[in-house]
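**Q** I need the structure of the sequence given here:
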Amino acid sequence: MKTLRDRVAVVTGGASGIGLGMARAFAAQGAKLVLADVEKAALEKAVAGLEAEGAAVQGFACDVSDPTSVAELAEKTLEAFGAAHVLCNNAGVAGGAPGGIWEAPLEEWDWVLGVNLMGVIHGLRSFVPILLEQEEGHVVNTASMAGLMPGAGIYGVTKHGVVALSEGLWRDLRAREAKVGVSVLCPGWVRTRIAESDRNRPEAPREPVEVPPEAEMMRKIVEGFIERGKDPREVGDLVAQCILEDRFYVLTHPWESMVRARMEDIVEGRDPVGAPPPDAAEWSELLKR
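**A** Numbers count the residues shown, from 1 in each chain. As a prediction, the model looks like this:
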């Protein structure tokens, strides 16, 4: 895509965090917006804020884990603006459970996979045919640095899946010589509310679960890094730039050493330890507290 002006950008998980950051960045370049989110109150607030900033925007409640809900989002987008040019499959949850990955209840797997991976699949199934028919478009799938490195439990499984899905999508579109670009966004620490994902569980509020002390300590550490993370608008500006440049891999932090270490571990047949992030010393200090 050569421009975002007058193009229609659809952003799931658009009421806050990276989704709202992308929406603001797209609006600054003249795009029309469709925000989708499962949180109706937050969605209304986000839409009102963007309208006050002069954006042309529509907001629709959507549960990305439900294929019918996503299909309806596509229909409403066409009814509102007559087209869809940019699809940002951004909605996501942290999820996970204390203990080993084999100990997590199936309900946890269903929830996190349903939003983080199936939500992207549903978005592709509903919107890519529209992009192909228009012969113009770009797809942005939000993964994570957790999708490029070992570990991270259920969340990591879903984000590795989003990376693989995006790579497969890129290859399939290129094989058809389609004029539709693909980017996979792999953010590090960004100031979002993902650590509060429990608020959007289907059964929320759920019964409290016992959390081991080490897991509670790690939760606080992660929250600390999120609080000091990048501004979502900064991430949004980067994504807008990558759409115009047709760049596939979008990394928000200079953590290439971790990706390189993972690839070297695979090639050399080593165990999946990987390299520590650049702020490993800070992690070490926080773990001592």
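**Q** C-alpha only now, for contacts and for neighbours.
**A** Noted.
**Q** At which residues are the strands of the protein located?
**A** All strands of the chain, identified by DSSP state E, fall at 8-12, 32-37, 57-61, 86-89, 137-142, 180-186, 249-251.
**Q** measure Leu124 to Ala74 for me?
**A** 10 Å (Cα to Cα, to the nearest Å).
**Q** Check Val34 too.
**A** 10 Å.
**Q** So if I had to pick from those two, which one is more boxed in?
**A** Val34 (27 against 20; other Cα atoms under 10 Å).
**Q** what number of residues lie near the closest residue to Leu148 other than its chain neighbours?
**A** Using Cα to Cα, 6 or more residues apart in numbering and skipping the chain neighbours, the partner closest in space to Leu148 is Val259 (6.0 Å). Neighbourhood size, Val259 [other Cα under 10 Å]: 18.
**Q** Am I right that Val259 is in contact with Gly147?
**A** No. Contact criterion Cα atoms under 8 Å: Val259 and Gly147 do not qualify, at 9.8 Å.
**Q** Could you dump the strands of the chain into JSON lines with distance to Asp231 and mean pLDDT added?
**A** Below are the strands of the chain laid out as JSON lines (distance: least, Cα to Cα, whole Å; pLDDT from 0 to 100):
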{"stretch": "strand 8-12", "distance to Asp231": "17", "mean pLDDT": "98"}
{"stretch": "strand 32-37", "distance to Asp231": "19", "mean pLDDT": "98"}
{"stretch": "strand 57-61", "distance to Asp231": "22", "mean pLDDT": "97"}
{"stretch": "strand 86-89", "distance to Asp231": "18", "mean pLDDT": "98"}
{"stretch": "strand 137-142", "distance to Asp231": "16", "mean pLDDT": "98"}
{"stretch": "strand 180-186", "distance to Asp231": "15", "mean pLDDT": "97"}
{"stretch": "strand 249-251", "distance to Asp231": "14", "mean pLDDT": "94"}
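**Q** Turn those into a markdown table, including distance to Pro202.
**A** Listed next are those as a markdown table, based on distance: least, Cα to Cα, whole Å:
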| stretch | distance to Pro202 |
| --- | --- |
| strand 8-12 | 17 |
| strand 32-37 | 14 |
| strand 57-61 | 15 |
| strand 86-89 | 20 |
| strand 137-142 | 22 |
| strand 180-186 | 26 |
| strand 249-251 | 31 |
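**Q** What ranges does the stretch 101-250 of the chain have for its helices?
**A** Listed in chain order, the helices found in the stretch 101-250 of the chain under DSSP state H, counting those that start in this stretch are 106-116, 118-134, 153-175, 213-227, 232-245.
**Q** Comparing the ones you listed by mean pLDDT, which bottoms out?
**A** Looking over the helices of the stretch 101-250 of the chain, mean pLDDT reaches its minimum on helix 213-227, with a mean of 57.
**Q** hmm, back to that, between the helices of the stretch 101-250 of the chain, which one is nearest to Leu78?
**A** Nearest to Leu78 among the helices of the stretch 101-250 of the chain is helix 118-134; the distance by Cα to Cα comes to 9.3 Å.
**Q** other SSEs contacting the closest one?
**A** helix 67-81, strand 86-89, strand 137-142 (3 or more Cα pairs under 8 Å, 6 or more residues apart in numbering; DSSP states H and E).
**Q** looking at the ones you listed, which is buried most?
**A** Each of the helices and strands packed on helix 118-134 was scored by mean neighbour count; the highest is strand 86-89, a mean of 27, by mean count of other Cα atoms under 10 Å.
**Q** Show me what that strand is packed against.
**A** strand 8-12, helix 118-134, strand 137-142.
**Q** Paired strands for that strand, with orientation please.
**A** Within its sheet, strand 86-89 is paired with strand 8-12 (parallel), strand 137-142 (parallel), according to DSSP bridges.
**Q** got those as TSV, with distance to Glu108 columns?
**A** TSV is the format used below for those (distance: least, Cα to Cα, whole Å):
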stretch	distance to Glu108
strand 8-12	21
strand 137-142	20
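**Q** For the nearest residue to Leu78 once chain neighbours are set aside, give me its contacts.
**A** In this structure, Leu78 finds its nearest non-sequential neighbour in Ala84, 6.9 Å apart by Cα to Cα, 6+ apart. Neighbour list for Ala84: 7-10, 77-78, 127, 130-131, 137 [criterion: Cα atoms under 8 Å, 6 or more residues apart in numbering].
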